[in-house]
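Asks: I would like the atomic coordinates for the input below:
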Amino acid sequence: MFLVESKAGAIACMLLSLLLLGTWPAILTLLERRGRLPQHTYLDYSITNFLAAVVIALTFGQIGDSKPNMPNFITQLSQDTWPCVLMAMLGGLFLSLGNVSIQYAWAFVGLSVAQVITSSIAVVIGTSLNYFLDDKINKASILFPGVACFLTAVLLGATVHSSNAADNVAKLRSFHENMKDTPDVPEDSNEKRSKSEKDILEDIEVGDLNAEETKKAGTAESIIAVENQRAIKVVGKSRLVGLSITFFAGTCFALFSPAFNLATNDQWHFLKKGVPHLVIYTAFFYFSLSFVAIAVTLNVIFLYRPLLDLPKSSFKAYLKDGDGRAWAVFAGLLCGFGNGLQFIGGQAAGYAAADAVQALPLVSTFWGVIFFGEYRRSSKRTYVYLVSMLLMFSLAVALLLASAGHRKTASNGSLKGARTRHLQDSRRSQSASFYAGGSFDI
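Replies: Here you go, the predicted structure:
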């Protein structure tokens, strides 16, 4: 079984995990903006996510000989580890609910802000729990200032969303005013202010848009074009709905890592005496099995009972919808391998430090700006908030990585234990010989 036992190796796993986990949300967002139903995309994504876990378990989990205290993946499947298996599956449940929720949050608040808010909540709650579960192997004087920075990033993220939404409304109102046939007739200012974003979009025909302007990110024309094409219609819906979904997803993300920590290290002593702890790969297999079961069940239900006024679909329609399937499959593989690397690094350096992979909004924001033109042509106020948010977020990640500790592996612990028992046995043997020879005086 492959294990990472050095701090440098653990940090390398975390950084690679960061790249993978920051990229797959951008792919799913791209498909939603192109009009593919999120239920179809998520079914493809979740199934291949599970397949990635199976590949990891059958490769890394089977390297080398199986040992009594650290069995390989297949060997451990038959062992009585069900209490910890259920804890791993609980972690998969939390992650699945979080991922199902966030695909709708992206549409409401944008890829960049949704990722920052959810990741920051995950760090504030999840890192604190993991710190105490890991017997404080991380440096608290560095870890918790990092957690405070993440909390600050949450507040800045909500501010960025509010400011950018106001910018978009201003763009749409300006565009609507310029399209009027009688510009010389002044409109009552109260009526002008009361015109909602939804009303403006209903007044504008897509055919009236300038084709060249729709291609320029950040223009009113591009906002209208995206809204007409995308699967989830969010214009006119309450901002509170989007932020509520985002905060729910963040809470779910905060709980899956501590549950996985409990599954692999058994801090609450669920297992019977003599039964080895769940190895990372066995726990990850059951974690992903729970994830895919919940994801498939919910999204099949959503095919027939869709949320947020999405059109109804069917399983037959899903099977026929091959447009964008390759991208969804790729996203599932990225997420599956990214989660695996996060857990491998966390087992070596502490799961509190592994929460540094929640820096994925840095990667997601990059893709959001490059591919989707998020924040293009926004106000200076929005840019100031955005830069402040990302700087605070970067500082938080640096602090979490700097707090990384080093967990003693089961193999090292067993070797030290064996040496201790050998020394104790030798002393007992010497004492027995000493007493048997009648060589003690009072």
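Asks: Spit out the contact partners of residue 79.
Replies: Taking Cβ atoms under 8 Å, 6 or more residues apart in numbering, we find residue 79 in contact with 71, 275, 276. Heads up, the C-betas are built off the backbone N, CA and C, glycines and all.
Asks: Name the helix or strand for it, please.
Replies: In the assignment (DSSP states H and E), residue 79 maps to no helix and no strand.
Asks: Would you list the phi and psi of it?
Replies: Taking degrees, to the nearest 10, you get phi -90, psi 160 for the backbone angles of residue 79.
Asks: Next: residue 273.
Replies: phi -60, psi 130.
Asks: top helix in this protein by residue count?
Replies: helix 140-178 (DSSP state H).
Asks: Report the buried residues of that one.
Replies: Neighbour-count burial for helix 140-178 flags 142-144, 146-147, 149-150, 152-154, 156-165, 167-169, 171-173, 175-176 (criterion: 16 or more other Cβ atoms under 10 Å).
Asks: quick revisit: any chance of the contacts of residue 79 in TSV, with pLDDT too?
Replies: Shown next, in TSV, are the contacts of residue 79 (pLDDT from 0 to 100):
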residue	pLDDT
71	92
275	90
276	91
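Asks: between these, which is closest to residue 352?
Replies: residue 276 (23.8 Å; Cβ to Cβ).
Asks: For that closest one, list the residues it contacts.
Replies: Neighbouring residues of residue 276 by Cβ under 8 Å, 6+ apart: 68, 69, 70, 71, 76, 79, 81, 410.
Asks: Put the alpha carbons of stretch 278-297 into PDB.
Replies: The C-alpha coordinates for stretch 278-297 follow below in PDB (Å, rounded to 0.1, in the frame of the first residue of the first chain):
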ATOM      1  CA  LEU A 278      -9.400   1.700   8.000                       C
ATOM      2  CA  VAL A 279      -6.600   2.500   5.600                       C
ATOM      3  CA  ILE A 280      -7.100   5.600   3.400                       C
ATOM      4  CA  TYR A 281      -8.000   3.600   0.300                       C
ATOM      5  CA  THR A 282     -10.700   1.500   1.900                       C
ATOM      6  CA  ALA A 283     -12.200   4.500   3.600                       C
ATOM      7  CA  PHE A 284     -12.100   6.500   0.300                       C
ATOM      8  CA  PHE A 285     -13.800   3.600  -1.500                       C
ATOM      9  CA  TYR A 286     -16.700   3.600   0.900                       C
ATOM     10  CA  PHE A 287     -16.700   7.400   1.000                       C
ATOM     11  CA  SER A 288     -17.100   7.500  -2.800                       C
ATOM     12  CA  LEU A 289     -19.700   4.700  -2.800                       C
ATOM     13  CA  SER A 290     -21.900   6.700  -0.500                       C
ATOM     14  CA  PHE A 291     -21.200   9.900  -2.600                       C
ATOM     15  CA  VAL A 292     -22.300   8.300  -5.900                       C
ATOM     16  CA  ALA A 293     -25.400   6.600  -4.300                       C
ATOM     17  CA  ILE A 294     -26.700   9.800  -2.900                       C
ATOM     18  CA  ALA A 295     -25.800  11.800  -6.000                       C
ATOM     19  CA  VAL A 296     -27.500   9.400  -8.500                       C
ATOM     20  CA  THR A 297     -30.600   9.000  -6.300                       C
END
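Asks: what about the helices in the stretch 1-150 of the chain?
Replies: Using DSSP state H, counting those that start in this stretch, the helices of the stretch 1-150 of the chain run over residues 7-33, 38-59, 73-76, 82-109, 111-122, 128-133, 140-178.
Asks: And the last one, how far out from the chain middle?
Replies: Read it as helix 140-178. In terms of Cα atoms, centre = their mean, to the nearest Å, the centre of helix 140-178 is set 19 Å apart from its chain centre.
Asks: That one to helix 111-122, inter-axis angle?
Replies: Helix 140-178 runs at 150 degrees relative to helix 111-122, counting by axes from the mean of the first three to the mean of the last three Cα atoms, to 10 degrees.
Asks: relative to helix 82-109, how tilted is helix 140-178?
Replies: Inter-element angle recorded for helix 140-178 and helix 82-109: 30 degrees (by the same axes, to 10 degrees).
Asks: Backbone dihedrals for the nearest residue to residue 119 once chain neighbours are set aside, please?
Replies: Nearest residue to residue 119, sequence neighbours excluded (Cβ to Cβ, 6 or more residues apart in numbering): residue 358, at 3.8 Å. When read as degrees, to the nearest 10, the backbone of residue 358 gives phi -70, psi 0.
Asks: residues near residue 358, how many?
Replies: The criterion is other Cβ atoms under 10 Å. On that basis, residue 358 has 32 neighbouring residues.
Asks: now the one 10 residues further on
Replies: A count of neighbours around residue 368, defined by other Cβ under 10 Å, yields 23.
Asks: so it touches residue 374, yeah?
Replies: Yes - the pair residue 368 / residue 374 is scored as a contact, 4.2 Å apart, by Cβ atoms under 8 Å.
Asks: tell me which element residue 319 is part of?
Replies: Counting by DSSP H and E, residue 319 is found in helix 315-320.
Asks: got a list of contacts for that helix?
Replies: 39, 40, 43, 300, 303.
Asks: Please name the nearest non-neighbouring residue to residue 102.
Replies: For residue 102, the spatially nearest residue (Cβ to Cβ, 6+ apart) is residue 249, at 4.2 Å.
Asks: Now for that neighbour, how many residues are close by?
Replies: Neighbours of residue 249 under the rule other Cβ under 10 Å: 26.
Asks: can you pull the pLDDT of the nearest residue to residue 171 once chain neighbours are set aside?
Replies: Leaving aside its chain neighbours, residue 171 sits nearest to residue 220 (4.3 Å; criterion: Cβ to Cβ, 6+ apart). Here, the pLDDT recorded for residue 220 equals 72.
Asks: and what of residue 198?
Replies: pLDDT, residue 198: 60.
Asks: Can we start the residue count at 180 from this point?
Replies: All right, first residue 180 from here; so that's residue 377.
Asks: From the chain's centroid, how far away is stretch 433-443?
Replies: Offset of stretch 433-443 from its chain centre (Cα atoms, centre = their mean): 13 Å.
Asks: Apologies, that question was intended for stretch 237-254.
Replies: When C-alpha coordinates are averaged (Cα atoms, centre = their mean), stretch 237-254 and its chain have centres 28 Å apart.
Asks: buried ones in stretch 492-502?
Replies: In terms of neighbour count (16+ other Cβ under 10 Å), stretch 492-502 has its buried residues at 492, 497, 500.
Asks: okay, the helices of the stretch 180-329 of the chain, which one's buried deepest?
Replies: helix 290-301 (a mean of 30; mean count of other Cβ atoms under 10 Å).
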